[in-house]
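# for reference, the sequence and a predicted model appear below.
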Amino acid sequence: MKESQLVELIDGALEVADSASQKVLEIYHSEGVKFESKQDGSPVTEADIASHQILNTGLVKLNNNIPILSEEGNDDAKQDESLFWLIDPLDGTKEFINKNGEFTVNIALIEQGAPILGIVFSPAVEENFYGAINIGAFKIKGTERTNILPNKQKEDECLVTLSKSHKSKEDEWFIDECKKRFGVVHEIPTGSSLKLCKVAEGKADIYSRLGPTYQWDIAAGQAVVESAGGVVNDLSGNPLSYKFDPELKNPHFYCAGDKEFLWLDLFKEN
């Protein structure tokens, strides 16, 4: 996609994300949020469904030639398409249910398997992020919009962000590896795709995920990170790809701000 075409999509996609986010926030502040469990045991709420409907309607109006693949269902959108939207209507449903605020609405535009535009809106935290390849990455807070950049890695200190909902044994292993390498490690528990955004804006150095994730969980955040100048790579050092996969799952990966640092050395024993 030409840069001029991408620029034309950004403002419209931001408006769609904002509409979905405001609906999610309205439900978040309502009494007695209802939720059910999917077949895989993960929760789904009325906010997931409402956001899904708003995103679908808005993105189709924006460009009805771009198919949509959503966590909440778009079976007619196949990932062998060269260009498609990949959306997570409510990332961090557990954070939503537990009322800690760190949930997001995610929109990614995928071209030839790579995320070229990502939007991560966090309405309860009131921090929104977006990034587009060759254009840059930005944070929106209130009426202020600022360019964001990741950190240059320090030799004697590491800021590690990890899940706010749970700390896995893999997280503990990785933190121990970081302590061996850096000495000083600061843990930054964060919910949903905001972990990737923490790296993109320089408030964390690295986020490792050594457990299961789905493609819609990560794509938007990856676009923000890569647009800012960071990386989201698998444990072979390759960027996560969003080409067709019947299970729609990601491999284990790490998200880092300093792409020149030898992060793979930390994973050599895992």
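Happy to help now that I have it.

# quick check: next helix or strand after the lowest-mean-pLDDT helix or strand in the chain?
In the chain, no helix or strand scores lower on mean pLDDT, DSSP states H and E than strand 35-37, which sits at a mean of 70. Scanning forward in sequence from strand 35-37 by DSSP states H and E, the next helix or strand is strand 43-45.

# how deep is the closest residue to residue 150 other than its chain neighbours tucked in, by neighbour count?
Nearest non-adjacent residue to residue 150, counting by C-beta to C-beta, 6 or more residues apart in numbering: residue 257, 2.7 Å away. For the C-beta atoms, the positions are set from N, CA and C on the backbone; glycine is no exception. Neighbourhood size, residue 257 [other C-beta atoms under 10 Å]: 26.

# these two touch, right, residue 257 and residue 199?
Yes: taking contacts as C-beta atoms under 8 Å, residue 257 lies within contact range of residue 199: 5.1 Å.

# shared neighbours of those two, anything?
Residues touching both residue 257 and residue 199 by C-beta atoms under 8 Å, 6 or more residues apart in numbering: 150, 205, 206, 225, 230.

# of those residues, which belong to helices?
residue 225 (DSSP state H).

# tell me the most packed of the shared contacts of residue 257 and residue 199, by neighbour count.
Result: residue 225 is most packed of those (other C-beta under 10 Å), 31 neighbours.

# distance of it from residue 171?
According to C-beta to C-beta, to the nearest Å, residue 225 stands 19 Å off from residue 171.

# what sits against residue 225?
By C-beta under 8 Å, 6+ apart, the residues touching residue 225 are 131, 137, 150, 196, 197, 199, 200, 231, 232, 255, 257.

# try it again at 6 Å.
The contact partners of residue 225, taken as C-beta atoms under 6 Å, 6 or more residues apart in numbering, are 196, 199, 200, 232, 255.

# that one and residue 28, how far apart?
Distance from residue 225 to residue 28, by C-beta to C-beta: 26 Å.
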